[in-house]
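Visitor: Okay, here's the prediction I keep looking at, along with the sequence it came from:
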Amino acid sequence: DTGVSQDPRHKITKRGQNVTFRCDPISEHNRLYWYRQTLGQGPEFLTYFQNEAQLEKSRLLSDRFSAERPKGSFSTLEIQRTEQGDSAMYLCASLSMGSTEAFFGQGTRLTVV
Amino acid sequence: GESVGLHLPTLSVQEGDNSIINCAYSNSASDYFIWYKQESGKGPQFIIDIRSNMDKRQGQRVTVLLNKTVKHLSLQIAATQPGDSAVYFCAENGAGGSYIPTFGRGTSLIVHP
């Protein structure tokens, strides 16, 4: 399968714990996006990378959220000191330069208890 | 501010009918508008896009219409099938090459056999 893959698919964590999600984009795509989606809503943009450069991070929800893409390939999204309001689906998408067709992974569903 | 919204949250149709899903947008500077389909438990899937200098584009069983005068976008699905049942999102791709897909809330399409 050469699509976008995300790991884990599901994560249950206790409030206050840190969590990290991984996204492996389509290999030739240089743009990588993170979104959050809650029930009944559309995906909400968080941040994106072009290669290893994080070009937009002002929409990360708080300073507890951070993302990296150290070698311009896979990316991680970390949430520190999780809160119940962080419970959501976290989606990753990749896109090649000049294209409008974003390819999404199946998401990581986070439940904070 | 920028927003992409949808008129109806749920649309029910009979198999074989044509479906029309509508979307309003406010950012007239967007370069592209895109339709995505999201099935339960999956990430959004690209359907079709339309550049802002066009008013119509056709794909396989789908047609997207763009009315820039009233800032309205629609997705027409011909001969709707049960497999078309999903949530449909319109998105705008930003202006000036920002390439950040911004999603509206979505319309749930239910196809009755």
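Guide: Noted; the coordinates are in hand.
Visitor: in chain A, which spans are strands?
Guide: Under the criterion DSSP state E, chain A contains strands at A:5-7, A:10-13, A:19-24, A:31-37, A:44-50, A:53-56, A:65-68, A:75-79, A:88-95, A:103-104, A:108-112.
Visitor: Figure out which of those is closest to B:A91.
Guide: strand A:44-50 (9.8 Å; CB to CB). Quick note: C-beta positions are derived from backbone N, CA and C, even for glycine.
Visitor: Return the closest one as CSV; C-alpha atoms alone will do.
Guide: Provided in CSV are the C-alpha atoms of strand A:44-50 (Å, rounded to 0.1, in the frame of the first residue of the first chain):
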residue,chain,number,x,y,z
GLU,A,44,-9.7,21.6,11.0
PHE,A,45,-6.3,22.6,9.8
LEU,A,46,-3.4,22.5,12.3
THR,A,47,-0.1,22.8,10.6
TYR,A,48,1.8,21.9,7.4
PHE,A,49,5.3,21.2,6.2
GLN,A,50,7.0,21.6,2.8
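Visitor: Please identify the pairing partners of it and their relative orientation?
Guide: strand A:31-37 (antiparallel), strand A:53-56 (antiparallel) (DSSP bridges).
Visitor: Just name the most buried of these.
Guide: Here the criterion is mean neighbour count by mean count of other CB atoms under 10 Å in any protein chain shown, and of these the winner is strand A:31-37, at a mean of 24.
Visitor: Find the nearest non-adjacent residue to B:S85, please.
Guide: Computed as CB to CB, 6 or more residues apart in numbering or on different chains, the closest residue to B:S85 that is not its neighbour in sequence is B:V111, at 4.7 Å.
Visitor: ok, back up a step: the strands paired with strand A:44-50: lowest mean pLDDT?
Guide: Sorting the strands paired with strand A:44-50 by mean pLDDT places strand A:53-56 lowest, at a mean of 90.
Visitor: picking that back up, quickly, which of the strands of chain A bottoms out on average pLDDT?
Guide: Of all the strands of chain A, strand A:53-56 has the smallest average pLDDT, which comes to a mean of 90.
Visitor: Check what pLDDT the residue lying farthest from the centre of chain A gets.
Guide: In chain A, counting by CA atoms, centre = their mean, A:G98 sits farthest out from the average C-alpha position, at 21.1 Å. Looking at A:G98, its pLDDT reads 81.
Visitor: pLDDT weak spots in chain B?
Guide: B:1-8, B:95-98 (pLDDT under 70).
Visitor: make it 90
Guide: B:1-9, B:25-31, B:41, B:93-101, B:104-105 (pLDDT under 90).
Visitor: who in it is up against chain A?
Guide: Taking CB under 8 Å from any CB of the partner chain as the criterion, chain B approaches chain A at residues B:4, B:32, B:34, B:41-46, B:49, B:89, B:91, B:93, B:98-106.
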